[in-house]
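# Take a look and give me a structure for this.
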Amino acid sequence: MDHEADAYRTDLMTITRFVLNEQSKYPESRGDFTILLSNIVLGCKFVCSAVNKGEEQKKLDVLSNDVFVKALVSSGRTSVLVSEEDEEATFVESSKRGNDEPTIEDVLKPGNEMVAAGYCMYGSSCMLVLSTGTGVHGFPLDPSLGEFILTHPDIKIPNKGNIYSVNEGNAQNWDGPTTKYVERCKYPKDGSPAKSLRYVGSMVADVHRTLLYGGIFLYPADKKSPNGKLRVLYEVFPMAFLMEQAGGQAFTGKKRALDLVPKKIHERSPIFLGSYDDVEEIKALYAAEENN
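Predicted structure coming up:
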């Protein structure tokens, strides 16, 4: 991005402008989601600043949790929050929310009722990836403007990729379908090139790469974690939503990930997500095992 030239441009699609454009498509909208998202964007900027400073006064995961809880509550548009860092759900006091009376059942809903999802990836650059149900869009933070700018509109994952992403250190504990699938990735019998292994160990980083370049991300159940390790509400659901919006799939080993109905806020699940054809292949392996 040419920062000097962009400094004089006023036609850039900022994330605020983008969301306002989306809001205009719904005349009945009261702007609640726009307000909520603007507070989330501010939280992302705070965390990005903390990452760049490298301060260690407070661990970044704890700092990030504090920042986003405060940002969400101060929006006046949230009733109940769930976070990895908090054992219990956080119910927003009545003076900072509407007239509704939230219950834990408001959170324990299937993923197919979600209306939006996203993630922010921090590092040498900061990028916010968002879907409000009309495709997936990427907004890197331009440091010279202090704005998230749309540079990746309507991201579509390739139907098939040449990368697989999994922690092979757990291979001895995998079930049959996962073991067979990874073997196929390494040693394809149809004459196609072998897939390359890429595994960062950060779900956001691994899924981000998968979203842009195709392939599959696997975090299967194993003998040590028979229910999987990734949390349904704030890891599996958001990434599954984004992947489907980009034209991919997300599968638990038993069903479509977004059809899960969690029974507790920190419930875990196996997950296989990525390019449509790649996920279809592992779905077939699970179906074959079930039929045997």
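
# quick check, distance from the helix or strand Phe33 falls within to the centre of its chain.
Using DSSP states H and E, the element containing Phe33 is helix 32-53. Here the centre of mass of C-alpha atoms in helix 32-53, compared against the chain's by C-alpha atoms, centre = their mean, to the nearest Å, lies 16 Å away.

# Following the chain past that helix, name the next helix or strand.
Assignment by DSSP H and E places the next element after helix 32-53 at helix 60-74.

# Now do that next one against helix 32-53: the angle between them, please.
150 degrees (axes from the mean of the first three to the mean of the last three C-alpha atoms, to 10 degrees).

# helices or strands next to helix 60-74 in the packing?
When contacts are defined as 3 or more C-beta pairs under 8 Å, 6 or more residues apart in numbering; DSSP states H and E, helix 60-74 packs onto helix 32-53, strand 80-81. Glycine gets a C-beta too; all of them are placed from N, C-alpha and C.

# quick revisit: tell me the mean pLDDT over the helix holding Phe33?
Average pLDDT, helix 32-53: 93.

# Make 140 the first number, not 1, from now on.
Noted, 140 is the first residue going forward, which turns the last one into helix 171-192.

# ok, and what's touching it?
With C-beta atoms under 8 Å, 6 or more residues apart in numbering as the test, helix 171-192 has contacts from 154-155, 158-159, 162, 199, 202-203, 206-207, 209-211, 213-217, 254-255, 257, 259, 261-262, 265, 267, 269, 271, 280, 285, 287.

# buried residues in it?
Within helix 171-192, the residues scored as buried using 16 or more other C-beta atoms under 10 Å are 172, 175-187, 189.

# quick check, nearest of the residues you listed to Arg395?
Nearest to Arg395 out of the buried residues of helix 171-192 is Phe172 (C-beta to C-beta; 25.0 Å).

# Tell me how far the closest one lies from Val158.
8 Å (C-beta to C-beta, to the nearest Å).

# For these two, list the residues in contact with both.
Thr271.

# Domain ranges for the protein, per the record?
Here the domain parsing of the chain from the TED database is 142-293, 302-430.

# most neighbours per residue, which of those domains?
domain 302-430 (a mean of 18; mean count of other C-beta atoms under 10 Å).

# roughly how far out does that domain sit from the chain middle?
14 Å.

# what do you get for stretch 204-219?
19 Å.

# Likewise for stretch 242-250?
18 Å.

# From start to finish, how long is that stretch in a straight line?
17 Å (C-alpha to C-alpha, to the nearest Å).

# can you check stretch 376-395 too?
11 Å.

# and if you look at stretch 276-288?
10 Å.

# for the stretch 290-431 of the chain, what spans make up the strands?
302-304, 335-336, 355-358, 369-370, 388-390, 407-408, 410-413 (DSSP state E, counting those that start in this stretch).

# Kindly spell out which helices and strands sit in contact with the fifth one.
Looking back up the chat, that one is strand 388-390. Using 3+ C-beta pairs under 8 Å, 6+ apart, strand 388-390 sits against helix 376-384, strand 410-413, helix 415-430.

# could these go into JSON lines alongside distance to Asp225?
Converted to JSON lines, the helices and strands packed on strand 388-390 look like this (distance: least, C-beta to C-beta, whole Å):
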{"stretch": "helix 376-384", "distance to Asp225": "17"}
{"stretch": "strand 410-413", "distance to Asp225": "22"}
{"stretch": "helix 415-430", "distance to Asp225": "32"}
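
# closest to Leu357 out of the ones you listed?
strand 410-413 (5.2 Å).

# Can you pull out the residues in contact with the closest one?
296, 300, 346, 349, 353-359, 367, 369, 374-375, 378-379, 382, 387-392, 396, 418, 421-422.

# what does stretch 368-379 give?
Against stretch 368-379 from outside (C-beta under 8 Å, 6+ apart): 221-223, 246, 250, 253, 256-258, 342, 346, 358, 389, 391, 396-397, 399, 401, 404-410, 412.
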